[in-house]
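Asks: pasting the sequence and the predicted coordinates here, then a few questions.
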Amino acid sequence: MKTNKPVIIWLLSGCALLFIMVVVGGITRLTNSGLSMTDWHLVTDTFPPLSEEKWVDAFEEYKKFPEYQKINIHNDFTLDDYKFIYFWEWFHRFIGRIIGLVFIIPFGYFLIKKKLDTSTIKKCIILLFMGGFQGFLGWFMVKSGLIDNPDVSHFRLALHLTFAFITFAYTLWVALDLIYPAKNNVILPLRKLARIAMVVLIIQIIYGGFVAGLNAGLIHNHWPLMSEGKLIHETVWMEQPTLFKNLTEGKSGVQFIHRTLAYVVVGLMILLYFRSKKYSLSTNQIKGLNTLVIFVFIQFLLGIFTLLLHVPLWLGLVHQVMAFFLLSAMTFTLHRFSK
């Protein structure tokens, strides 16, 4: 590990920046700032407008698009309001640029200095492509809200969000490979169960993106039952013409899946915890499981309160941040049961 320490620090720094990126992305979404920048240039919009004249020009350009014409034109939306939403979208993109530089420059240095073995080089090239694709997904998402509908596609939002989580998890995995080069005695039943838990957690994150994109947390603000004391409210089946569309595009259906999957996620992680008691585990495996169980209960409670309180900005953000911590614990635990 000593010889790999600079590489490990570099990868964990990337994880930290990805975490910040997702937090700022959450703020951008919750403040409805994501459509404030109506074009994308790699260099020329690195910094926000630097004069009042440039701000007025940017604001006039924003007025040409659906979010202003259909929503904000009716809200006494001023230049100062525009500057506020512009800042969060600009900051989100700026961090993306920083992540690119933090990855590419040290990667080139480590290659020249031959600090990376062949396996790590291959993994880092995958990370390079993942980072570039994530940038594309961001613009692909924003573009969907600049045509007719003054909101981004919830499918594209979920794809952008989930891929950020996956990129973070893979970066952490590569770092863990270097932190723990010695092989574990793999416990196959626990590894299989941990993999299932990871897949279900990612599906839950996807549905979290659907809920955010559709503002589906602003209805059925009751727990444990939905509105009118019903386990499954009839609107789950009524909003869209088909069952599939109801469960992927209907607000009630999407919320129903998200709140139901929460029980499945908790159940799988508790099952993993108790199944592990039959085996002799390493210290890190025990730490991973304990952290996983604590985090999943915290996240479950945050989800309940976020729903009951009608998604206040700060709580919606904390819920998203905790999802990041939960994925980190899941990644660490799966890694310790896999290698």
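Replies: That came through, no problem.

Asks: show residues contacting stretch 163-175.
Replies: 8, 11-12, 14-15, 18-19, 21-22, 25, 120, 123-124, 126-127, 130-131, 133-134, 137, 202, 205, 323-324, 327-328, 330-332, 335 (CB atoms under 8 Å, 6 or more residues apart in numbering). In short, each C-beta sits where N, CA and C put it, glycine included.

Asks: to which secondary structure element is residue 24 assigned?
Replies: helix 5-30 (DSSP states H and E).

Asks: which residues touch residue 61?
Replies: Residues near residue 61 by CB under 8 Å, 6+ apart: 38-39.

Asks: so which bits of the host helix or strand of it are buried?
Replies: Per DSSP H and E, residue 61 falls inside helix 52-62. Neighbour-count burial for helix 52-62 flags 55, 58-59, 62 (criterion: 16 or more other CB atoms under 10 Å).

Asks: hmm, which two among those are most spread apart?
Replies: 55 and 62 (10.5 Å; CB to CB).

Asks: which residues do the two both contact?
Replies: Common neighbours of residue 55 and residue 62, counting by CB under 8 Å, 6+ apart, are residue 82.

Asks: convert the C-alpha atoms of stretch 295-307 to CSV, please.
Replies: Only the C-alpha atoms of stretch 295-307 are listed here, as CSV (Å, rounded to 0.1, in the frame of the first residue of the first chain):
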residue,chain,number,x,y,z
PHE,A,295,-26.8,3.7,7.3
VAL,A,296,-29.7,1.9,5.8
PHE,A,297,-31.9,2.6,8.9
ILE,A,298,-30.9,6.3,8.9
GLN,A,299,-31.7,6.5,5.2
PHE,A,300,-35.0,4.8,5.8
LEU,A,301,-36.0,7.3,8.5
LEU,A,302,-34.8,10.2,6.3
GLY,A,303,-37.0,9.0,3.5
ILE,A,304,-40.0,8.9,5.8
PHE,A,305,-39.5,12.4,7.1
THR,A,306,-38.7,13.8,3.7
LEU,A,307,-42.1,12.5,2.5
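
Asks: return the distance of the helix holding residue 24 from the chain's centre.
Replies: 11 Å (CA atoms, centre = their mean, to the nearest Å).

Asks: before we move on, what about stretch 222-231?
Replies: On CA atoms, centre = their mean, the centre of stretch 222-231 falls 27 Å from that of its chain.

Asks: ok, and what's touching that stretch?
Replies: Under CB under 8 Å, 6+ apart, the answer for stretch 222-231 is 219-220, 232-233, 236, 252, 255-256, 259, 304, 307-308.

Asks: and the buried ones among those, selectable in PyMOL?
Replies: Per 16+ other CB under 10 Å, the buried members of the contacts of stretch 222-231 correspond to this PyMOL selection:
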select buried, resi 219+220+233+236+252+255+256+259+307
